[in-house]
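[1] sharing a model that was predicted from the sequence below.
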Amino acid sequence: MTSKIWFAVLTLALLALAPLRVRAQAGVEADRAYLPIDQVIDLKAILPEVDINLPRYLLKDAVSELNGGTNDPLARTGINLSELVRDVKLIRVVVIEAKSTNRAALTKGMASLRTILDSKWTPVVSVPGDNVGIYTLGDAKGESLAGLAVLIQDTNDAVIVNIVGNVSLGKILQVASSFDKLPKDFLQKLSKVSSDPAPKPEATPEKTVQ
Amino acid sequence: MAGLTSILACLIALGALITWDDPTPRSGSSGPVTVVERDSTVIVQQAVGSFALVGHTLKRVASRAEGTLIESAASPLLRSFRNAKSKLIDNL
């Protein structure tokens, strides 16, 4: 009888906490296109050379004024960054330098990621001999892109890219083609865009007191 | 005894539910670009660079160009990421 009561308590506790679990997974990590890089590679033990992690809220804020307008330093390159990231939920780029100390763990982690991608994603282009793979994932309807992943590994570096959300492959290629057209003072112009105050409304003439 | 086992099971279940990974996307990074990552200038630079990296790789793989991919296509971009902090300071 006692055990039945305890089982009932346990069941109630689990049911009560279930919504918390659902809420915890509701973020981008619950997305099908999210690649669990941190779970398969211990990035605290294997420090990456580059670890770019741009969730939507950061992207949205940063590119809000880069819409091809007159203040947009990317306007002449034909890159409309606001449009490009409109449906992007996360950009993650991890670059790890392969060393004798981390090579085994890194190779194992990359193999795990490749297994995940091979089982659920669609390989677009791959060069197995060079350990290169580019994968895409379609949305539930199969009509648009839900995610993009790139794995590259050679003797010196491992590169992992994961874009969660819908992004145009054609426009990504356009960015690559236009990358050398970026103005030399690109960073200065970007900085100016982000620091310029919003235009003030026209000042109304002050009434003179007589 | 059965009660104790049930209590333990309950605690383990609670622990499993409470200690899941933090669902908040990490905006920080453990790489050399950590310091300036929250700057919108750097965010844009990283976003454009990330897309360019993917685009270059796509082009290279598609055309099966000679040379290793990282060395020939992505290396300049990776260098720019690695030097993001110093580049930013130099350019501002």
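    Ah, there it is.

[2] the one residue in chain B that gets nearest to chain A: neighbour count?
    Nearest residue of chain B to chain A: B:Gly55, at 2.7 Å (C-beta to the nearest C-beta). From N, CA and C alone the C-beta is placed, and that goes for glycine too. B:Gly55: 23 surrounding residues under other C-beta atoms under 10 Å in any protein chain shown.

[3] can you give me the neighbour number for the closest residue to it other than its chain neighbours?
    Closest residue to B:Gly55 apart from its sequence neighbours, by C-beta to C-beta, 6 or more residues apart in numbering or on different chains: A:Ala176 at 2.7 Å. Residues lying near A:Ala176 (other C-beta under 10 Å) number 21.

[4] quickly find the element holding A:Ala176.
    According to DSSP states H and E, A:Ala176 maps onto helix A:169-178.

[5] ok, now A:Gln39?
    Per DSSP H and E: A:Gln39 is located in helix A:37-40.

[6] can you name the residues in contact with that helix?
    Where contact means C-beta atoms under 8 Å, 6 or more residues apart in numbering or on different chains, the residues beyond helix A:37-40 that reach it are A:Leu43, A:Arg92, A:Val94, A:Gly109, A:Ser112, A:Leu113, A:Ile116, A:Ile160, A:Asn162, B:Asp21.

[7] and with 6 Å instead?
    Defining contact as C-beta atoms under 6 Å, 6 or more residues apart in numbering or on different chains, one finds that helix A:37-40 is touched by A:Val94, A:Gly109, A:Ser112, A:Leu113, A:Ile160.

[8] ditto for stretch A:157-172
    Applying C-beta under 6 Å, 6+ apart, the contact partners of stretch A:157-172 are A:28, A:31, A:33-35, A:37, A:84, A:87-97, A:106, A:110, A:144-145, A:147-152, B:51, B:54-55, B:70.

[9] which ones among the residues you listed map onto strands?
    With strands taken from DSSP state E, the overlap with the contacts of stretch A:157-172 comprises A:88-97, A:145, A:147-152.

[10] any of these buried? List them.
    The neighbour count (16 or more other C-beta atoms under 10 Å in any protein chain shown) marks A:88-96, A:145, A:147-152 as buried among the ones in strands among the contacts of stretch A:157-172.
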